[in-house]
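Have a look at this fold, sequence not included:
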C-alpha cells in the first residue's frame, strides 16, 4: 500500500518513507522534493512535490491504477528522550606519550 506519489516522476512511496515528517523529503527514484542551497548549506524541502493519496477521491485513485487501498500517514511525534551529557575521563594506561611538533 502506498501513501504518497511523486509529482515529478510518478513513483509511489509507502507511509514509512516520511517517518516523523508530514511527507517524504526526497523521491527514492528521481530525488525530487528536496534541493540544496550551496550559499547557506541547507536543504530546501518542496512539500508540493508530493500528492497525498489518502486525500484523493476514488476517481483520481482509479486514474493512478490504485484500487482505493491507500495508507494514511500519521506522523509520530519525536520521542521526548533528551540526550544526556556524558563525561568520559581517559588516562594514559598504555604508557604512550603524545607530542606535537
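Received it, and whenever you're ready, just let me know what you need. It should be emphasised that the depicted structure is a prediction, and the values quoted were computed from it without experimental measurement.

mind listing the helices for this protein?
58-63 (DSSP state H).

So residue 28 is in contact with residue 11, correct?
Yes. If you go by Cβ atoms under 8 Å, residue 28 and residue 11 touch, sitting 6.9 Å apart. For the C-beta atoms, the positions are set from N, CA and C on the backbone; glycine is no exception.

the more surrounded of the two?
For residue 28 and residue 11, the more surrounded residue by other Cβ atoms under 10 Å is residue 11, and the numbers stand at 15 against 11.

and the closest residue in space to the more buried one that isn't next to it in sequence, what is it in contact with?
With sequence-adjacent residues excluded and distances taken as Cβ to Cβ, 6 or more residues apart in numbering, residue 11 is closest to residue 29, at 4.3 Å. For residue 29, the contact set (Cβ atoms under 8 Å, 6 or more residues apart in numbering) comprises 6, 9, 11.

Reformat the residues you listed into JSON lines and put pLDDT and distance to residue 41 next to each item.
Formatted as JSON lines, the contacts of residue 29 follow (pLDDT from 0 to 100; distance: Cβ to Cβ, whole Å):
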{"residue": "6", "pLDDT": "94", "distance to residue 41": "25"}
{"residue": "9", "pLDDT": "93", "distance to residue 41": "27"}
{"residue": "11", "pLDDT": "93", "distance to residue 41": "28"}
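
Residue 37: which of those is nearest?
Nearest to residue 37 among the contacts of residue 29: residue 6, at 21.1 Å, using Cβ to Cβ.

tell me the strands in the protein, going along the chain?
4-6, 12-13, 34-37, 42-45, 50-52 (DSSP state E).

Thank you kindly, that will do.
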